[in-house]
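Q: Structure, please.
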Amino acid sequence: MGEVTAAALRERGILTGADLRRMGEEQLRELLGSRGSLLYQHVRAEDERPVEPVRERKSVGKEITLERDIADRGQMEAILANLAEQVEHRLTDLELEARTLSLKVRWSDFQLITRSVSRTQGFRSAQEMLPLLHTLLFQLGDQKRAVRLLGVFVSNLRISRGEQTDSITALSLWNEH
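A: All right, here's what the predicted structure looks like:
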């Protein structure tokens, strides 16, 4: 609502949504013109426009905040492998691949670091992500520093053009064997 509309409503003692709801559509139209009808509908949650929930996805990711800080790089890499697999499943479900892979780390002192790497052929599988995630983690240095959060994210998404190497056969529950 603009300043002029708000001022006009205040002059009439309309200060809350409840005040506005008590007004008739004709009264609001006289006061605010065609915007009065729109405001009348909005305070009654009346909107005939179709819901359009589709939006372009910018990234896919998974992160975990650990119950206890860990300093063991082997444990960190195992967690990253699990997160990468979850990201892979989501990419597969969405039929997408990503050109940028990001590692997110929150250290035990709450310092947050993200590191990314991009490649033209894209990422679709955890197997493609893991070597780079290990490298990014190693490049952060201080191999004894504890973490409290780890995350794997991919961005610069595009429709997947590659063939998956794994073959999955789905059987119908209705097939007789």
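Q: Could you pull out the buried residues of stretch 133-144?
A: When neighbours are counted by 16 or more other CB atoms under 10 Å, the buried residues of stretch 133-144 are found to be 133, 134, 136, 137. For every residue, glycine as well, the C-beta is placed using N, CA and C.
Q: A helix includes the third one, no?
A: Yes - Residue 136: assigned to a helix according to DSSP: H, G, I helix; E, B strand; the rest coil.
Q: measure it to residue 84 for me?
A: Using CB to CB, to the nearest Å, we find residue 136 at a distance of 12 Å from residue 84.
Q: out of all of them, which helix in the chain is the longest?
A: With residue count as the measure and DSSP state H as the assignment, the chain has helix 73-94 as its longest helix.
Q: the domain parsing of this structure - what is it?
A: For the chain, whose domains are defined here by automatic domain parsing, the residue ranges read 3-43, 59-159.
Q: Just put these in TSV and tack on distance to residue 52 and mean pLDDT.
A: Listed next are these as TSV, based on distance: least, CB to CB, whole Å; pLDDT from 0 to 100:
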stretch	distance to residue 52	mean pLDDT
domain 3-43	18	87
domain 59-159	19	95
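Q: okay, the ones you listed, which one's buried deepest?
A: Highest mean neighbour count among the domains of the chain (mean count of other CB atoms under 10 Å): domain 59-159, with a mean of 16.
Q: Can you give the contact residues for stretch 43-53?
A: The set of residues external to stretch 43-53 that reach it, using CB atoms under 8 Å, 6 or more residues apart in numbering, is 17, 20, 21, 41.
Q: the helices in the chain, which residues?
A: According to DSSP H, the chain carries its helices in the segments 3-11, 17-21, 25-32, 34-43, 73-94, 126-139.
Q: Let's have those in JSON lines, adding distance to residue 49.
A: Putting the helices of the chain into JSON lines (distance: least, CB to CB, whole Å) gives the following:
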{"stretch": "helix 3-11", "distance to residue 49": "21"}
{"stretch": "helix 17-21", "distance to residue 49": "20"}
{"stretch": "helix 25-32", "distance to residue 49": "18"}
{"stretch": "helix 34-43", "distance to residue 49": "11"}
{"stretch": "helix 73-94", "distance to residue 49": "27"}
{"stretch": "helix 126-139", "distance to residue 49": "40"}
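Q: Would you tell me which of those helices gets closest to residue 119?
A: Between residue 119 and the helices of the chain, the shortest separation by CB to CB is 8.4 Å, and it involves helix 126-139.
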